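# take a look and give me a structure for this.
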Amino acid sequence: MFELDLDTAKNLSVGLIGGSVLFLLLVLKFAKSVVTKLLFIVVAVGVGYLGFTQRDDLNACAEKVRTLVASSGNVNDLTCRFFGQDISMSSINLP
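As a prediction, the model looks like this:
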């Protein structure tokens, strides 16, 4: 099964945010109907918001993992979730 690490998940969320902005700009340029523009604006803002909140949650979880690892030293069984997928914390940068 496909396993994500922390850096890949962060890059994926930035890609989602950037992609939704690009999609929004294309829709605003080429869509003729106001209703279509509004519908796609809502979709693009929703995808961007989800990407941003998932990245924020992932950063908070990674900080919690850093704190736990600093106290106990074990990182093998610690995971965070990103859009329902478990993220491996084995590659986390420790202070």
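# excluding its backbone neighbours, what's nearest the residue nearest the centre of the chain?
The geometric centre of the chain, computed from its C-alpha atoms, lies nearest to residue 13 (Cα atoms, centre = their mean), at 3.1 Å. Nearest residue to residue 13, sequence neighbours excluded (Cβ to Cβ, 6 or more residues apart in numbering): residue 55, at 3.8 Å. The way it works is simple: take the backbone N, C-alpha and C, and place the C-beta from them, glycine included.
# list the contacts of that neighbour.
Contacts for residue 55 were tallied using Cβ atoms under 8 Å, 6 or more residues apart in numbering; they are 9-10, 13-14, 17.
# so where's the protein shaky on pLDDT?
1-3, 73-77, 89-95 (pLDDT under 70).
# what segments of it are helices?
In the chain, the helices defined using DSSP state H lie at 6-30, 34-72.
# sorry, back to before: of the contacts of residue 55, buried ones?
Among the contacts of residue 55, those classed as buried by 16 or more other Cβ atoms under 10 Å are 9-10, 13, 17.
# next, format those residues as JSON lines and append distance to residue 59.
Below are the buried ones among the contacts of residue 55 laid out as JSON lines (distance: Cβ to Cβ, whole Å):
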{"residue": "9", "distance to residue 59": "10"}
{"residue": "10", "distance to residue 59": "8"}
{"residue": "13", "distance to residue 59": "10"}
{"residue": "17", "distance to residue 59": "14"}
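# which one of these sits closest to residue 85?
The shortest approach to residue 85 among the buried ones among the contacts of residue 55 belongs to residue 9, at 7.9 Å (Cβ to Cβ).
# quick check, that closest one in contact with residue 87.
Yes: assessed by Cβ atoms under 8 Å, residue 9 is found in contact with residue 87 at 5.2 Å.
# now do the same contact list for residue 80.
Residue 80 makes contacts with 6, 57-58, 61-62, 65, 86-87, 89, as judged by Cβ under 8 Å, 6+ apart.
# could you rerun that using 10 Å?
Counting by Cβ atoms under 10 Å, 6 or more residues apart in numbering, residue 80 makes contact with 4, 6, 9, 57-62, 64-65, 86-89, 92.
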